[in-house]
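A.B. asks: Okay, structure incoming, though there's no sequence with it:
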């Protein structure tokens with residue numbers, strides 16, 4: 001009986017997908033959205049990185065949903081691993097190699113600065129908050145692998161994560177106070193190719209960078225703690 005129910009469910013899903021695909025206007029002859037982004041993106045947003053203008057301006061509300069999903073995943077992982085067994089005091093941990101240990105001490109600040117540079121300049125060059133945040137988190141991964149015994153301060157990481165999310169939402173609400181829609185780009189767009197340009201886009205990317213970096217670092221901390 002379960003087998004037939006699964007088949008019926010798959011048929012219903014396939015039929016729904018087929019109907020949905022028929023409604024999507026594929027082809028340049030039916031849609032001009034991509035052309036509009038390319039032609040009007042800089043004028044509308046001030047960001048020379050068109051991908052950024054789409055992700056953090058035209059569909060910024062969708063991006064807010066994505067970081068919310070990441071937050072839920074981090075909270076869920078923390079809840080699952082919250083009752084893990086800690087390593088006993090007598091158990092030994094294999095020390096890191098000289099290369100990894102040296103990299104932990106000298107590359108950590110360089111990786112952090114690189115990640116910060118990427119999400120601060122996301123409206124000018126390829127990259128942004130998600131990419132920069134992931135690079136920041138990789139610095140903490142290197143710290144865990146090379147500098148054993150060092151851990152992030154959970155309270156500080158949580159505060160940074162919360163402030164990043166609140167900043168994103170606060171910028172969106174500020175647009176509503178300006179008499180426009182949520183996440184309206186209300187700041188001056190400035191001159192393209194300049195650091196201080198693109199209105200609220202750099203601020204949102206900085207908030208995303210801090211939030212994603214702290215969340216991924218927290219996930220790494222939970223996973224590392226599971227093995228210790």
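C.D. replies: Thanks, I have it. Computed from a prediction, not measured in an experiment: that's the story for all the values here.

A.B. asks: pLDDT (mean, whole number) over the helix ranked longest in the chain?
C.D. replies: Taking DSSP state H as the criterion, the chain has its longest helix at helix 201-226. Across helix 201-226, the average pLDDT comes to 88.

A.B. asks: and what of stretch 136-144?
C.D. replies: 89.

A.B. asks: My read is that residue 182 contacts residue 175, right?
C.D. replies: Yes: judged on CB atoms under 8 Å, residue 182 makes contact with residue 175 at a distance of 6.1 Å. C-beta coordinates here come from the backbone N, C-alpha and C atoms, glycine included.

A.B. asks: Which residue ranges of the protein form helices?
C.D. replies: Under the criterion DSSP H, the chain contains helices at 2-23, 33-45, 50-53, 60-80, 98-120, 129-146, 154-177, 201-226.

A.B. asks: Compare residue 182 and residue 175 (neighbour count), which wins?
C.D. replies: residue 175 (18 against 14; other CB atoms under 10 Å).

A.B. asks: right, and the more buried one touches residue 203 too?
C.D. replies: No: counting by CB under 8 Å, residue 175 stays clear of residue 203, with 11.8 Å between them.

A.B. asks: How about the contacts made by residue 119?
C.D. replies: Shown in contact with residue 119 (CB atoms under 8 Å, 6 or more residues apart in numbering): 127-129, 131-133, 205-206, 208-209.

A.B. asks: ok, so what distance separates residue 78 from residue 145?
C.D. replies: Between residue 78 and residue 145 the distance is 21 Å, computed by CB to CB, to the nearest Å.
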